[in-house]
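S.K.: Let's see this in three dimensions:
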Amino acid sequence: MADSSIWFFLEKLTNLAIEEASLFGEVDEQITMLCNELQWMRLFLRQAGANCTFDDERIRLWVNQMRDVCFDAEDVVDEFMFKMERIYENRLNNFKCLRPLASCIGFGDKLLFAHDLKARMEKINMAVEKILVNKTRYSVEDLIPKYGEENRRGLVPWRFSEEELLHIETRWDPDQKFEEVGFAEMQKRVKYMLIKEESAETGVVSIWGRGRLGKTTLARRVYNDSHVKQQFPRRAWVSVSQEYSIGELLMRIANSVMTLTSQHKRTVKEGELGNMLRLFLESEKYLIVLDDLWSSQVLDVLSSHFPPSNQSRVLITTRYLEVAQHARSQVLVIRPLNRVDSWDRFLKKVFRVTSTTQPAIQLQSGLEELKEAVLDKCHGSPLTIALFGGLLSRKQKSQELWNQVLQRITQHGDDQSFYLLLLSWSYNDLPFYLKSCFLYCGLFPEDDEINTRKLMILWIAEGFIPMRGEDTPEETAEDCLEELIQRNLIHVGKRKLDGAVKSCYIHEQVRSFIISEARNSKFFEVCKRIHCTTPLIPRRLSFHHHVINDHTSQSLNSSHLRSLICFSTECLAQKSFDSLIQGSKLLTVLDLEGLCGINELPRKIGGLIHLKYLSLRRSSITRLPKSIGKLVNLQTLDLRNGYIDRIPHPVWKIRQLRQLYTGMVLNASMGVGQLTNLQTLDAREASGCFKGVDLRKLTQLRNLKIHFTTGFDLELMPFSYHSYLYKMFLSGRLNKLPKETKFYPPNLMELRLSDSVLEADPMPILQELPNLRNLQLLSSSYVGKNMACSSNRFLRLGSLTLSGLRELEELKLEEGAMPGLMSLEIKDCSQMRVLLHGLLHLKNLGQVKLRRINPQLLEDFESSEGEQFDRIRFITSII
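M.R.: Numbers count the residues shown, from 1 in each chain. You can find the predicted model right below:
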């Protein structure tokens, strides 16, 4: 992890030295000296990370000292830039200086701060020199095997160079389909237990098996199943594990199924909360998942707050049979894979194929010698096999590799220690930037699936994502995510219809590894308890289920804080927050999503010149201070679903903004067109803001979501200039759709229309869009009776959703239309009577969902006979 810290700081220091050369002046020599030393140290640390596991105390001490001095140097440089920016602001206010930062700083000011910077950099260089001397004095270098020696010691440098890894294809692994098939029957069985079977007295269903057999994975797939969601409107997922608090578990369940006031969250007692929960659930149909249950006592206590019902369910996962038996539950037993299936899955993961009969596998020399050792170590555990296979999938396949792997794994004992060893190998094998991306997942609560869109934006704000050719940071971040999934370090929670990952999660043991590694490397701290009084000097801080009081805020030294992320609605009070902001001048990320304890941002928020990510989504904050316009490096501003109804004018001058989520009305006078780097815009339209030249200037847009508050003529606003715009959501009355395709973004892949009230069938127009993959026509977007799609049109469409089209009677699909359609959803189209025959020629159709449909259409589905009709019925779910 230390090499990552050095790399990030080197990048920052090098860029600053180039951009603000005249600012550093006489300090340039010290900065150059530090850069040179750090480059050598980073090379040494990369070799150390590849060839050993830092078991020796001397190596760990040296690495920790190197990381700490790098942190100190980063703080010194950022504090210097903070002071220079403050002077620049004063010049700007007093003399209307419009020149760049460096030219606005007077010689006297520069001399004063440069002298201080020089003194501090000299001190850091002296510290670096001492660390280098100690490396030689205490023979640290001798503890790390040189290249070539690791083979004799059985230590394989399993690592790609950054250049190699960045060009690896990391899109959706076809093996994902294989793993889905492996769980399909068990998933159907659990669904049947939850929905179809008569409930036992307790209404409990158990998934039982030893560790790392996939109990949590199976439970999550059932929990996220659309049919299960429909059956159980109230759902909650909590991870219990060995350490738990009944009060916290009840609070997490209550937060998921009901709305609690801020007062209740602060003052409610455990017994009172349990009674509130029981009373609320008495009239609800609920599903509560208790993941990784170790004790039957926990189930007894929690179940006393769940009202008995033969329609509601509790789903538990446990590794202890006595817990499942105590619950008097229906039990699904997950057993280890047999040796044949284990080896088959291992090969598929290593070679990234769907069949092990391919010649590339059959001709591999040395694999048979490895087979028995792998099977003995993995013990039929799908998670261990996937982790091991994911690690080897990134290697050049050769007999030498198989011999090295065999030599290494035969040195280690039981499957528990072997899994932890695999985790360590997999982590050490990651390049520096992926290590940071991986550890960052530990900031999120264990019960929550992680929104990958938010995760990737945070990675970018933190500076983890390296530049790669002409790709945008967002594109590179997506590849980083897929790389971690391929390595089985993180797991897919939900995928979008186009195959992109919508949410992800990490296994419990992986989370424990991350928390330990993050604490040792000072990467982040997590506060989970109500009273957090341990002295903290964090660089990143995350609050879970926590209320910060005055005593807590006094124990928190925020002078080095770079990121503050809140996952609790009550983690900060106004006084504590103001104090925190005043001392956190180096903040890069401030995420207050859902926070209810504060009503306004302090004016000093404008002093956080390093801030790149600010989320006030669903918070109780009611206004933005004008000083927010001083956040010159801000990339993401999220104001959705809150109480802020006005954006200060200076915001439109923040040229670095890439994502702007407002959900509020914008107008032409605001100057939206000045945000030329904008990639995502979510807003309401009024006064023609998006009719004129403003939108044409935003040529970098990738994602546009607009709610129209007035009638709108799309023909007045061509999107043909937006070659990067691939996703649009237009909500509100449209006069008509333009007929010529040149008015649409040329690379549009996803289109959602809602409340458009179109009278003419939109399909003849939309079917001409050459790259459209996902089409959603929602809530009165079309008010006609017939919809028709021509042959050889919608050639790339993979998903179609029709929802709330209450006048629609017929969807006619000519043969050859939508040849690639994989998913079709029809919901709340109560007049639709004609559909089934048009689906027969859709050979790639794998999923049909029908929700609240006309009885005549339902009868048509149930009564039609023939093999093709049977195929359609097999892939159709009807609610």
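
S.K.: now Ala683, what's its secondary structure?
M.R.: strand (DSSP: H, G, I helix; E, B strand; the rest coil).

S.K.: what residues are up against it?
M.R.: Leu660, Thr662, Gly663, Met664, Val665, Leu666, Lys705, Ile706, His707 (Cβ atoms under 8 Å, 6 or more residues apart in numbering). Just so you know, the C-beta spots here come from the backbone N, C-alpha and C atoms, and that holds for glycine as well.

S.K.: how close does it sit to Thr472?
M.R.: As judged by Cβ to Cβ, to the nearest Å, Ala683 and Thr472 stand 21 Å apart.

S.K.: hmm, back to that, which of the contacts of Ala683 has the most neighbours?
M.R.: Using other Cβ atoms under 10 Å as the neighbour test, the contacts of Ala683 are led by Leu660, with 24 neighbours.

S.K.: Doesn't it lie inside a helix?
M.R.: No. Looking at Leu660 with three-state DSSP, it is strand, so not inside a helix.

S.K.: What ranges does the stretch 601-750 of the chain have for its helices?
M.R.: Counting by DSSP state H, counting those that start in this stretch, the stretch 601-750 of the chain has these helices, from start to end: 693-697.

S.K.: Low-confidence regions, it specifically.
M.R.: In the predicted model of the stretch 601-750 of the chain, residues 667-669, 686-694, 709-717 satisfy pLDDT under 70.

S.K.: Would you map the strands across it?
M.R.: Counting by DSSP state E, counting those that start in this stretch, the stretch 601-750 of the chain has strands at residues 613-615, 636-638, 659-666, 680-685, 703-708, 727-731, 750-754.

S.K.: that older thread, out of the contacts of Ala683, which comes closest to Ser799?
M.R.: Lys705 (18.0 Å; Cβ to Cβ).

S.K.: Report the beta-bridge partner residues of the closest one.
M.R.: Beta bridges link Lys705 to Asp682, Phe729, judged by DSSP bridges.

S.K.: can I assume it is in contact with Arg684?
M.R.: No. Proximity of Lys705 to Arg684 does not meet the contact threshold set by Cβ atoms under 8 Å, at 9.8 Å.

S.K.: Which helix or strand in the chain has the lowest average pLDDT?
M.R.: The weakest-scoring helix or strand in the chain, judged by mean pLDDT, DSSP states H and E, is helix 162-166 (a mean of 38).

S.K.: re the thing from before, JSON lines for the strands of the stretch 601-750 of the chain, including distance to Trp425?
M.R.: Shown next, in JSON lines, are the strands of the stretch 601-750 of the chain (distance: least, Cβ to Cβ, whole Å):
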{"stretch": "strand 613-615", "distance to Trp425": "32"}
{"stretch": "strand 636-638", "distance to Trp425": "35"}
{"stretch": "strand 659-666", "distance to Trp425": "36"}
{"stretch": "strand 680-685", "distance to Trp425": "37"}
{"stretch": "strand 703-708", "distance to Trp425": "38"}
{"stretch": "strand 727-731", "distance to Trp425": "38"}
{"stretch": "strand 750-754", "distance to Trp425": "39"}
